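**Student:** Here is a sequence with its predicted model. Questions after.
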Amino acid sequence: MKRISYQYLGMTMFTIATLAFVSLSFWVKSEFTRSNLQNAIGANHGGLIPYITALPAMVPANAVPALSKTVEAYNKAIIDEKGISESLANDLINFARTNPGQYSEALLNKVLGADTRRKAIALDYTGWMMGNHWNSEEFEATLKSKIADVNSTIAEEFGVGKGSRDELISTVLTASAPGWIKSGWMALLIFGLAALGGLIYIIPDISRKPGIHHNGIYHNKMQTRQWPAWIVFAFLVGWYIVLYQFPAFLTNQVALLEPLSRGMSGGASGRWFLYGFMYCLAMLVLGIRMMIKYRGNAYQQVRTVSVLFFQIVFAFTLPQIMTRLQMPAYDLKNAWPLDYSFFFDYRITQMLEAGTLGLFLLVWGIILFAVGVPLLTYFYGKRWYCSWVCGCGGLAETVGDPYRHLSDKRLDAWKIERWLVHGVLGFAVIMTVLVLYTSITGEAELFGLNSYGVRSSYGFFIGFAFAGAVGTGFYPMMGSRVWCRFGCPLAAYLGFVQRFKSRFRITTNGGQCISCGNCSTYCEMGIDVRWYAQRGQNIVRSSCVGCGVCSAVCPRGVLKLENGSESGRINDNPILIGREGITLNL
Amino acid sequence: MASTHTVIVGNGIAGTSAARYLRKADSYARITLISGESEYFFARTALMYVYMGHMKWEHIQPYEPWFWKKNRIDLLQAWVESINYATKILHFSNGKTLTYDNLVLATGSKSAFFGWPGQDLTGVQGLFSYQDLQLLEANTPAPGITSHHCRKAVITGGGLIGVELAEMLLTRGVEVTMLVREGHFWGNIITANESEMIAEHLRSHGVKLMLNTELKEINGDEKDRVKSITCKNGEVIECQLVGITTGVKPNVEFLQNTDLELNRGILVNEHLETNIPNVYAAGDCAEIRDPRTGRRAVEPVWYTGRMMGEVLGLTLSGKRTAYLPGPWFNSAKFFDIEYQTYGEVRPISAPDHAHFFWRKPGTEKFITMTYHPETLVFQGINTYGIRLRHGYFDEALRKGLSAAEVAGRIEAANFDPEFYQQWPKSFKAAFAESTGIALKEFNTLQKLFKK
């Protein structure tokens, strides 16, 4: 494909913006000044501030271990003050060794003497042990474990608990990012440069006539798994690994969006806010590309507007507004089991605690997957979700579009697909059953499966590795729908309905197919569309997301996505129009 | 008893369809499918997309390599040099031989060259085979790879292959001039209105269309490479490539001077049997002795090849079946404009053949519908930029429905994707007004039922 010179300028701008974005992890240091931290940490941990301000400025990756140590030190100080300090513990244990079996207030007086404060703490926490007769070993062990319990409770309550530690550290890091990063101007510069560069690259295509713009795709290194594709591949996979596993590296990038986050949700920016924002921006820019590419194809354009709307409004903006209104943040279009944490205890609790609206969200979420999904899929096929509403689908249809032809069309790939995608659905169902079982009964184990273990492995293997790193990272290698095709449990569920009880099909136009292969090549789901088209058979495959590109690229007008009567939808013994006599079912 | 050995020469759509139908109808037959051109069956009509980078060579092969083993269709890549019908032995150019019980000749077409001076120069070629595609790659190298650079091309012949070649070359930045002998592009097939619209579309894509112009000779340089052409009117046009797309002819030269009866193609009856027992022909190379009304003796199109192959497969399995093609249909694409045709649309109207031409205002979407001016029976339709249902017109033609009904219910034939602007209303109004025929539309009940 011939490019105009300023299109290279656009590409350069985009590359510079990307490099600048990445470089923020390596040279922009967090400065731990009191004024930066005061608001972020808030009154709860005001005592932590002197500890942190003593740290030197560091890049975030180094700051994470340093801050962890600092938080430990802070917790220790809190325990010394409010809990059973190490010295008090030693005193008590020594006392127990010399006076087995006689733990009483009178004896406590002897040990602690006039130290009324420590005596009061000891009484508070170990009073229940008095009056019993202990041998020294048993007493010592009980005392030790009790002290540990007490101290961790204290740390959770007054210090920084395990659960909130990571969150606090990321808040501290965001707050410590230099002011110029958080001003909003840098975000405008970096994201603006990237978006503008992308648009400069994309917009000139508007001068081309409407029609199928696939010239040169298989001559393009970026779109045929050659070195530029490998760079994008490495970058995307790396991005997901860092995002999920090493978020501290993204501190400064997160801080870029601080003003936007404050403006939208009222809260601090976080990695998922950053991710959501970039997701929307990438979809928007490449959505514009789709709108230009498919001038003259209303189906593609309407569909593109739809996925952009649902991503930007439903997935990104509404949850921020809900947070601002102190409601549970919820993506209203995200259905279980794609939204695999829907039935997790913390989310149920969150919803139940949010009054009428929370209850509505809970009911909405259940109706969505139990009634909405099968009903809409019956009328329109799974496309209503996968290529019109879904965020993952939306990314695939915009950002992933340049790679759509890389999906594997071989029969073997289809076999693997069926095992994998239905396997993940089974995994999601089992995991959800276990989680519900645990929240109802309080038991962690069912049939030898530990619900916490299953849940965390689902989160790691499916939520992070499959949906994120592989699902999007593999765009330049395996096409845009790796996750949707091989991994998405909701797609598997929608697929059952589409295959067995739906009005949707892709109709083939009599005998007009010339077996050219454009439909199969550009099917992002790896369906060998031609196989059906050349034998005059309707396509009712469960994996079809109804993107409509097979129909768009067909040079002879053979394929049409339709909703219609169920009778005749599945024609296993199709007749190719054109001659008289018998036709065999090949 | 050893199973019958059917040997099929040519793995195009006709030969492959024959092999597939035979296998389906007879699990025991031994089948050998021979081609010198390519190891596997491919969609000939899709060669252009490989050149343009829409697909790779393997993408235009409709079946994966395992398919042939699974269906026990033996593939043999070799060129047949001669056939001994008496001993039933094929002789290959590599010296080997093969014995057959039944022989299918499905050798396809080749580009027709008409003996122009200079037609053997380097840079002169047709576009039909895989080898032609490779030759085109060699003739149009990317700038800087070799000292030769193809900047300009002349295509002679205004047919479908010519348009494909023009589109292909333009994607590589080669300037294209098309010489068309007639005063209208594809004027012997489509109507003048249509031809003008298509010509305008070609021009808008940068094709320099020269109507009423014929090639006289091709001029070479000192290395016997094309440097220009001379038209019959004396005009000289500089070019580095000459595309000969003045039609195709049955590929039967190597079969000449034997007992096999040939005319333009291999003569066959309606059972696709030649004059020699156990020898059959199908596809582009076959010439039907007595074609059905509305069909031609030689039809070098994909669909005919496929249907003949299907029928022949059945015959070879022992169920002797006649080739009875239904109403004519075809399709093509002129750059961005898709074209479909059903039934009969002659280029010029006649006392027994009325035309109705309609264009959606301001677009490149248009339709020509034909009917008998007296009986008002629907005869055929050409559609451009609008997709129509094959089944709708096939039924209308078989049943001899009236134009009033076919036009009146045309929304049922609309095959455009969803959300496309609806055109049937405007089409119907124009049809009624222009022809004075009262439309026979769906009644309310039928409309409801259709929903």
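**Tutor:** Happy to help now that I have it.
**Student:** Would you tell me what the next helix or strand after the helix or strand of chain A with the lowest mean pLDDT is?
**Tutor:** Lowest by mean pLDDT, DSSP states H and E among the helices and strands of chain A is helix A:105-112, with a mean of 72. Downstream of helix A:105-112, the next assigned helix or strand under DSSP states H and E is helix A:116-126.
**Student:** Check which residues of that next one are buried.
**Tutor:** A:118-119, A:121-122, A:125-126 (16 or more other C-beta atoms under 10 Å in any protein chain shown). C-beta here means a position set from N, CA and C on the backbone, and glycine is covered the same way.
**Student:** And those, which is closest to chain B?
**Tutor:** Using C-beta to the nearest C-beta, residue A:125 is the member of these that sits closest to chain B, with 70.6 Å.
**Student:** Return the residues of the stretch 251-400 of chain B in contact with chain A.
**Tutor:** B:302-303, B:306-307, B:310-311, B:313-314, B:321-326, B:329, B:331-333, B:335-336, B:338, B:340, B:387-391, B:394 (C-beta under 8 Å from any C-beta of the partner chain).
**Student:** out of those, which are inside strands?
**Tutor:** The members of those that map onto strands under DSSP state E are B:329, B:331-333, B:338, B:340.
**Student:** which one of these is nearest residue A:222?
**Tutor:** Nearest to residue A:222 among those is residue B:333, at 27.1 Å by C-beta to C-beta.
**Student:** The closest one touches residue A:555, doesn't it?
**Tutor:** Yes: between residue B:333 and residue A:555 a contact is recorded at 4.4 Å, counting by C-beta atoms under 8 Å.
**Student:** who's in contact with the helix or strand that contains residue A:167?
**Tutor:** In this assignment (DSSP H and E), residue A:167 forms part of helix A:162-176. Contact with helix A:162-176 is made by A:30-33, A:36-37, A:39-41, A:45, A:52, A:60, A:63-64, A:67-68, A:71, A:156, A:160, A:182, A:247-248, A:251, A:254-255, A:258, A:268-271, as judged by C-beta atoms under 8 Å, 6 or more residues apart in numbering or on different chains.
**Student:** Just the buried residues of these.
**Tutor:** Neighbour-count burial (16+ other C-beta under 10 Å) is assigned, among the contacts of helix A:162-176, to A:30-32, A:36-37, A:40-41, A:45, A:52, A:60, A:63-64, A:67, A:71, A:160, A:182, A:247-248, A:251, A:254-255, A:258, A:268-271.
**Student:** quick revisit: columns distance to residue A:509, pLDDT and neighbour count on top of the ones in strands among the residues of the stretch 251-400 of chain B next to chain A, output as TSV?
**Tutor:** Output for those, formatted as TSV (distance: C-beta to C-beta, whole Å; pLDDT from 0 to 100; neighbours: other C-beta atoms under 10 Å in any protein chain shown):
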residue	distance to residue A:509	pLDDT	neighbour count
B:329	10	96	23
B:331	9	96	26
B:332	14	96	22
B:333	14	96	22
B:338	11	97	19
B:340	8	98	27
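**Student:** And the furthest pair within the residues you listed?
**Tutor:** Between any two of those (C-beta to C-beta), the greatest distance is 14.9 Å, for B:329 and B:333.
**Student:** which one is residue 63 nearest to, not counting chain neighbours?
**Tutor:** Here I'm looking at chain A. Leaving aside its sequence neighbours, residue A:63 sits nearest to residue A:30 (C-beta to C-beta, 6 or more residues apart in numbering or on different chains; 5.4 Å).
**Student:** looking at chain B here, not the other one
**Tutor:** residue B:41 (6.6 Å).
**Student:** Contacts for stretch B:206-222 next, please.
**Tutor:** Contacts for stretch B:206-222 (C-beta under 8 Å, 6+ apart): B:116-119, B:121-122, B:124, B:154, B:156, B:158, B:166, B:170, B:175-185, B:199, B:202-203, B:226-233, B:235-236, B:242.
**Student:** So which of those residues are in helices?
**Tutor:** Judged by DSSP state H, helices contain the following of those: B:166, B:170, B:199, B:202-203.
**Student:** By neighbours, which of those wins?
**Tutor:** Using other C-beta atoms under 10 Å in any protein chain shown as the neighbour criterion, residue B:166 leads the ones in helices among the contacts of stretch B:206-222 with 26 neighbours.
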